[in-house]
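Chemist: What follows is a predicted structure for the sequence shown.
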Amino acid sequence: MTESGTAAQVPQPIYLTPENGLTAAEVEERHKSGLSNTANSRTSRSVVEILRANIFTRFNAILGVMFGIVVVVGEFRDALFGLVLVANAAIGILQELRSKVTLDRLSVLNAPFIRVMRSGVEIEIPAAELVLDDLIALKSGDQVPADGLLLSVEALEVDESLLTGEADALEKSAGGYLLSGSIVVAGSGVFQATAVGESAYAHRLANEVRRFALVRSEIVDGVNRILKFVTIGLFIVGPLLFWNQLRNPTDEADGVKAALVGAVAGVVGMVPEGLVLLTSLAFGIAAVTLARRKVLVQELPAIEVLARVDVVCIDKTGTLTEGSVALERLEILPGASESLVANALAALAADESANATLLAVRDAFPNNSEWERDAYVAFSSSRKWSATSFRGQGAWWLGAPEMLLSDATHPARRLADEIAYTGSRVLALLHAESGEIGDSVSESASAVALVILEEQVRPDAAETLAYFTAQGVGLKIISGDNPLTVAAVARRVGVEVDEAYDARNLPSLESEIADVLERHSVFGRVSPEQKQAMVSALQSKGRVVAMTGDGVNDALAIKRADIGVAMGSGAPATRAVAKIVLLDGRFDRLPGVVAEGRRVIANVERVSNLFVSKTTYAALIAIAVIVLAVPYPFLPRHLTIVSTITIGLPAFFMALAPNAQIYRPGFVRRVLKFAIPAGTAATITVLTTYLFARSQGMNLTQERTLATLSLVVVGLWILTLLARPLTRGRYLLLLVLVALLLVGAAVPFMSSFFAIEFVSITAVLETILISAVGCCVLEVWWRVRGDA
């Protein structure tokens, strides 16, 4: 297609830059005037945003108000939860700052570079250092860094689909306009930047793929749903609890004060204050861990998404293979001149924007000829060939044999297929003495040679594919190469396949494409648009799709996939739209990313079970107290003990512990399925202990002490259920938690500070007995539900 009318969207140049480009003084002047390509593109939130996100939260506001109430009307000892509040915020801030430093440093390695003409010299600079009126050179695979006016082109074609949705590549001519964010798919050109940075048409596209962002994920959505219900419950139960405590005062002298303290205790108990912190902490630490392995996570929940993937679409070249190619040999066809073929290949490879294939040809045939180029049609992933005419030397075509030689019975075509079956890449070279080149091959063109190229399979490819197969993840190998070559490479990496599906026969309807994908796993001659369509077809069947690749022809599919993975050596456009970039290009990094994602999902679920169990029993106890019209069985400081020993400390270790649990859908359902029964059992056990203590004529402090002991015992048992299998380290953690409880009870200062008063050993033993019954009920329930 010819270029679209984008002139109205691109500012006209006020200053026409000379061919030598801007001078150093002109560049400096534009930097000082703020006319550079800096556009707030970040891999992480700013320091101010980090502080705001960790301090000004919904539950921090609720707990802050509760803290103020206790400080004003109660004792400071009952405001200890405020210290936990501060500690949570501090840990979250420090960890995210640490993650920010690591990710920002790593993102520099992934930053795009561009070629500009300055003071008569072409230099390479980071895209962010581009200034208004710079002259930028483009070649295939580049992502346009700014809006601008084209000054010269050579068979330039760009893809604007990421901006406009237009699927077809657009031919561009001198005097035309370019939009930032579009992708060069063929040819080369030079343009003058007329809008940079925030003024550029598509700066938000470049920003969005590099910015810290919690994109949609089951874990984040699930936690937010839980927090929404908890917030509603707080505003219902809190006032009712205050009214009940006011109606049944524990301190006749100051009923309002005692009622407020009791209500605060109930509200504080219901708040899962560390859940959001530990969820963010798990994502952040996973990102830092992967960063150390040269894996850049551009959107943190991408770690989780990859763990949920059930289909991986893999591009062959640059992913299964090394990406670099070498000329294996040249097959001169009957009737052709070897010297003429050699000169033609040398002239064709002299292209300034040569791709990896032409670079391999150039290494074998240095350009010693004086052939003058007359016309040129650039290679594109859709055509699968390029064409050049030389003055006095006729027209030449180089590309895929099956695209240039439509007759499958042609001797050159049959020979090409035989060679491709061995796994080598094959190109056909055609020549016509005269004739113009265009969108089709001249009928007078004849095949003169076959160019056989060799690719090296990545040594880690077979092992990585075997890992995904063992994990039950489907594999789809999709490539623009000859189906015979793709099938041969697939067999070399352990994929059992007789022949690859030729995507030229792929239907256009999404439902029919999905049916083909169900029957076949290896595909050849796939166009960029077909790769995107195949990803969409898999998603239409409810599959979670990952797409890996390195070429510009993979960019559309990588953008469309649930999780896009790009090689660090890939095209700038491809790296820009990927959520994960393997900076060192090692395909075997992917299993490690999956493992981190599974660890995050499984551990956040464990932690959520703890916090939601606490919220459940706190809410049920508050409701029971309202119905029974009795004093609330805890002071806020008692719940600080319970939360620290049974929730806070162990949850921190559980969020960061190794965990190889395979992903299962239904996060919220499973959390509630655990937390509601566990919280109910804890409520019944604590209330039984509390009411039994009240029947024995104890004072309120003694009653609350026994209720606290009972809740700690049951809480620790809930912890043991979630921590299984119990390793040596987990046994040690449980022993430390029990030791902390004993210290708090036995040391006079601690027992006085926390209002711990045991009436007798007998009462303690009776409390432990009641709690043991509750633990037995939990154990039986756990085993019956099949999670033991």
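Modeler: Cool, got the structure. Residues are numbered from 1 along each chain as shown.

Chemist: from here on, contacts and neighbour counts on C-alpha atoms
Modeler: OK.

Chemist: And the helices in the stretch 351-500 of the chain?
Modeler: For the stretch 351-500 of the chain, helices defined by DSSP state H, counting those that start in this stretch occupy the ranges 356-364, 401-404, 411-420, 461-470, 483-492.

Chemist: check contacts around residue 199.
Modeler: By C-alpha atoms under 8 Å, 6 or more residues apart in numbering, the contact list for residue 199 is empty.

Chemist: most tightly surrounded among the helices of the stretch 351-500 of the chain?
Modeler: helix 483-492 (a mean of 24; mean count of other C-alpha atoms under 10 Å).

Chemist: who are the neighbours of the helix or strand just after it, in terms of helices and strands?
Modeler: Downstream of helix 483-492, the first helix or strand assigned by DSSP states H and E is strand 501-502. With contacts taken as 3 or more C-alpha pairs under 8 Å, 6 or more residues apart in numbering; DSSP states H and E, strand 501-502 sits against strand 522-524.

Chemist: Return the set of buried residues in the helix or strand residue 240 falls within.
Modeler: Here residue 240 sits within helix 218-247, counting by DSSP H and E. Across helix 218-247, burial judged by 16 or more other C-alpha atoms under 10 Å covers 218-220, 222-223, 226-227, 230, 233-234, 237-238, 240-247.

Chemist: starting at the chain centroid, how far to it?
Modeler: 32 Å (C-alpha atoms, centre = their mean, to the nearest Å).

Chemist: Could you do stretch 378-393 as well?
Modeler: With C-alpha atoms, centre = their mean, you get 38 Å for stretch 378-393.

Chemist: list the contacts for the closest residue to residue 648 other than its chain neighbours?
Modeler: Leaving aside its sequence neighbours, residue 648 sits nearest to residue 274 (C-alpha to C-alpha, 6 or more residues apart in numbering; 7.2 Å). Applying C-alpha under 8 Å, 6+ apart, we find residue 274 in contact with 88, 611, 648.

Chemist: cool, residue 293 as well?
Modeler: Applying C-alpha under 8 Å, 6+ apart, the residues near residue 293 are residue 589.

Chemist: gap between it and residue 284?
Modeler: Per C-alpha to C-alpha, to the nearest Å, residue 293 is found 15 Å from residue 284.

Chemist: do the same with residue 140
Modeler: 35 Å.

Chemist: swap in residue 234?
Modeler: Taken as C-alpha to C-alpha, the span from residue 234 to residue 284 is 29 Å.

Chemist: wait, is residue 565 part of a strand?
Modeler: Yes: judged by DSSP: H, G, I helix; E, B strand; the rest coil, residue 565 forms part of a strand.

Chemist: rewinding a little: who are the packing partners of the helix holding residue 240?
Modeler: helix 255-270, helix 590-628, helix 667-695.

Chemist: what's the burial count for the residue nearest to residue 595 when sequence neighbours are not counted?
Modeler: Spatial nearest neighbour of residue 595, chain neighbours left out: residue 660 (6.7 Å); criterion: C-alpha to C-alpha, 6+ apart. Counted with other C-alpha atoms under 10 Å, residues neighbouring residue 660 total 15.

Chemist: and residue 660, helix, strand or coil?
Modeler: Assignment for residue 660 (three-state DSSP): coil.

Chemist: How about the contacts made by it?
Modeler: 595, 598-599, 602.

Chemist: Which positions in stretch 372-381 come out as buried?
Modeler: 373, 375-381.

Chemist: how about the nearest residue to residue 273, chain neighbours excluded?
Modeler: residue 59 (6.5 Å).

Chemist: That neighbour sits in which helix or strand?
Modeler: Here residue 59 is assigned to helix 58-73, by DSSP H and E.

Chemist: And for residue 289?
Modeler: Using DSSP H and E, residue 289 falls within helix 275-292.

Chemist: Show me what that helix is packed against.
Modeler: Helix 275-292 packs on helix 81-110, strand 295-297, helix 302-308, helix 590-628, helix 649-656, going by 3+ C-alpha pairs under 8 Å, 6+ apart.

Chemist: Which of these has the lowest mean pLDDT?
Modeler: Across the helices and strands packed on helix 275-292, helix 81-110 has the smallest mean pLDDT, namely a mean of 71.

Chemist: Show the average pLDDT along the strand or helix carrying residue 704.
Modeler: Element membership for residue 704, per DSSP H and E: helix 700-722. Averaged across helix 700-722, pLDDT comes to 94.

Chemist: quick check: angle from that helix to helix 590-628?
Modeler: 150 degrees (axes from the mean of the first three to the mean of the last three C-alpha atoms, to 10 degrees).

Chemist: Beyond helix 700-722, next helix or strand please.
Modeler: Next along from helix 700-722, by DSSP H and E: helix 728-746.

Chemist: Can you name the residues in contact with that next one?
Modeler: Here helix 728-746 has contacts from 645-646, 650, 716, 723, 750-751, 754, 756, using C-alpha under 8 Å, 6+ apart.

Chemist: do stretch 241-248 as well
Modeler: 255-256, 258-260, 262-263, 266, 622-623, 625-626, 629-632.

Chemist: Can you tell me which of those residues is closest to residue 54?
Modeler: residue 266 (23.8 Å; C-alpha to C-alpha).

Chemist: do you know how far the closest residue to the closest one other than its chain neighbours is from residue 241?
Modeler: Nearest non-adjacent residue to residue 266, counting by C-alpha to C-alpha, 6+ apart: residue 622, 6.1 Å away. For residue 622, the distance to residue 241 equals 7 Å [C-alpha to C-alpha].

Chemist: Identify the contacts common to the two.
Modeler: residue 266.

Chemist: Low-confidence regions, the stretch 651-788 of the chain specifically.
Modeler: 786-788 (pLDDT under 70).

Chemist: ok so, going back, buried subset of the contacts of helix 728-746, written for PyMOL?
Modeler: Buried members of the contacts of helix 728-746, defined by 16+ other C-alpha under 10 Å, are picked up in PyMOL with:
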select buried, resi 645+646+650+716+723+751+754+756
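
Chemist: closest to residue 560 among the contacts of helix 728-746?
Modeler: Of the contacts of helix 728-746, the one sitting nearest to residue 560 (C-alpha to C-alpha) turns out to be residue 723, at 37.9 Å.

Chemist: The closest one and residue 653: what is the separation?
Modeler: Taking C-alpha to C-alpha, one finds residue 723 at 10 Å from residue 653.
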